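Student: Here is the input, now give the coordinates:
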Amino acid sequence: MSELCFDLEWERVDGSRGDALAATWARLSIRVDATTITRVNDYRSLGLRDRILIPLYPLAEWIATHWWSLLYEVQATRRDGYERRHNLRFGREGFALPDLLIKPTGERALIEWRALELPEARVGFSAGGTRDLELASIRDSLFDLIETVLARLDQQGVTDTGLHQEWRAIQAADDAEAAFCMAAARLGQDPYDLSEPEADAILAAANRLPVGWQVDFFDVANARELEAQVALIDDARALLRRSPGPFDGLVALRGRTEKIDPHRTPWEQGYQVARTLRHRLGLGADLLNSDAALAEAFGIPSLGCVSVNDSRAKRLFDAMVDTADGGRPGFLTTKSRPEQVRFAFCRGLFEYLTAPGNPSALVTVARTDRQKCNRAFAAEFLAPAQWLRERIDRTQVSPDEMDDWAQELGVSTVVVGHQIENHRLADVAGY
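Tutor: Model prediction:
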């Protein structure tokens, strides 16, 4: 399993200001598997080295201060300060640290590192790369680093520092407090620096939302507009439950659909469910490029999605699926163009078919594992990679070709582009 590793060797450096700094000097190597992120060009010695000499207290304190954000805040539009909460270079306090970004996506996280010149330290980090890791392994690595620094401080007689206090508060959080901290972090907020009205607004929003919708909502919501945004969700959900649509035929299909394989990546899960479903429905290479064709594939009289045309709702979510009495599903979307409606419907359909418990979900623009799953399903179900593969006879395709295929498939050109790129079918000129 791929892991983020912090490997350190303690050093004694004279002349440090502050007991916490003096006690925690170390030669630090940060690695992802065999790739060393801390490899630097040392402009003093004119050589390369894999370790940096820094006091670890500032880094450990920065990680503890941003603990909930580092692990639970998904990158979202209209969020200020995301890099400051997720990039280790902001914990360096004048010392040399790489430009290393931790971007959680749910059960996984993207580690991204970039070249960085630090003239004042006379070093430069020249390497760059990305790696998709399990969030649990990242959490364990960060946890171990903080614990190691705390043990060193205690051993050196440096106690009750800000790091000690911050870490005690985090470790003492019970389930309810931890859930609140996660929700605040998903909103881009520091859970320990909220006013009482701000904290009350988060709790009120959580209490009004279905449990299974809370994470998806907080990933995209605006902390200053929680009450209004929850009201939008409430109104749309009430409308959906009053008119669930002609989807009785999907109830039996849900019972026959295998649940997703947790050992696969999110996009692999979505692709596999789409291929299995097309096979089960006997679709072969059939095109589902109209509402009528999609409805016929499922044996339902019409697509019948409830539509909400509200600009505020469009910024918040793409679709929702919920069930009325008797388990009949209903689908609602904020999309308006036919190809967008079908894509949003299929994203909601994935959630309905694969949910292990109550089939109810909020489909959003968030780049989370869950939303990646339903996007991959919709793309593969409506624009199968094999269909595209059979039409690509060279290493590069043109935007005009993508437009033609998108029109034939009844999807957007963006969907076709992502399918070609994600399945590595060809390069797209100018894409």
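Student: And the contacts of the helix or strand hosting residue 420?
Tutor: Secondary structure from DSSP states H and E places residue 420 in helix 413-422. The list of residues contacting helix 413-422 from outside it, by CB atoms under 8 Å, 6 or more residues apart in numbering, reads 267, 343, 376, 378-380, 382-383, 385, 388, 392, 397, 399, 402-403, 405-406, 409, 425-426, 428, 431. To be clear about C-beta, it is placed using only N, CA and C from the backbone, and glycine gets the same treatment.
Student: In PyMOL, select just the buried ones from those.
Tutor: Restricted to buried positions by 16 or more other CB atoms under 10 Å, the PyMOL selection for those reads:
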select buried, resi 267+343+376+378+379+380+382+383+385+388+397+402+405+406+409+425+426+428+431
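Student: doesn't residue 233 make contact with residue 209?
Tutor: Yes: proximity of residue 209 to residue 233 meets the contact threshold set by CB atoms under 8 Å, at 6.7 Å.
Student: anything in contact with each of the two?
Tutor: Among the neighbours of residue 209, those also in contact with residue 233 (CB under 8 Å, 6+ apart) are residue 217.
Student: least trustworthy helix or strand in this protein by mean pLDDT?
Tutor: Scoring the helices and strands of the chain by mean pLDDT, DSSP states H and E places strand 47-49 at the bottom, with a mean of 80.
Student: got the CA coordinates for stretch 74-91 in CSV?
Tutor: Below are the C-alpha coordinates for stretch 74-91, written out as CSV (Å, rounded to 0.1, in the frame of the first residue of the first chain):
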residue,chain,number,x,y,z
VAL,A,74,-12.5,19.0,0.1
GLN,A,75,-11.2,21.7,-2.2
ALA,A,76,-14.2,23.7,-3.3
THR,A,77,-14.8,26.8,-5.4
ARG,A,78,-15.4,30.1,-3.6
ARG,A,79,-13.4,28.9,-0.5
ASP,A,80,-10.7,31.3,0.7
GLY,A,81,-7.4,30.1,2.2
TYR,A,82,-7.5,26.5,1.1
GLU,A,83,-3.7,26.3,0.4
ARG,A,84,-2.9,27.8,3.8
ARG,A,85,-4.8,25.0,5.5
HIS,A,86,-3.5,22.2,3.3
ASN,A,87,0.1,23.0,2.2
LEU,A,88,2.9,22.0,4.5
ARG,A,89,5.0,25.0,3.3
PHE,A,90,2.8,27.2,5.4
GLY,A,91,4.0,25.4,8.5
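Student: Okay, domains of this protein per the record?
Tutor: Under the assignment automatic domain parsing, the domains of the chain span 4-170, 173-221, 222-368, 383-431.
Student: list the buried ones in stretch 278-290?
Tutor: Along stretch 278-290, the positions that meet the burial threshold by neighbour count (16+ other CB under 10 Å) are 278, 288-289.
Student: closest to residue 301 among those?
Tutor: Among the buried residues of stretch 278-290, residue 288 lies closest to residue 301 (CB to CB), at 16.0 Å.
Student: which one is the closest one nearest to, not counting chain neighbours?
Tutor: Taking CB to CB, 6 or more residues apart in numbering, and ignoring the residues beside it in sequence, residue 288 has residue 294 as its nearest neighbour in space, at 4.8 Å.
Student: Show the subsequent helix or strand relative to whichever helix in the chain runs longest.
Tutor: Identified as the longest helix of the chain according to DSSP state H is helix 135-155. Using DSSP H and E, the helix or strand that directly follows helix 135-155 along the chain is helix 162-171.
Student: what residues does the helix or strand just after that following helix touch?
Tutor: Taking DSSP H and E as the definition, the helix or strand that follows helix 162-171 towards the C-terminus is helix 175-186. Surrounding helix 175-186, the residues in contact under the criterion CB under 8 Å, 6+ apart are 68-69, 71-74, 173, 190-191, 194, 199, 202-203, 205-206, 214-215, 218-219.
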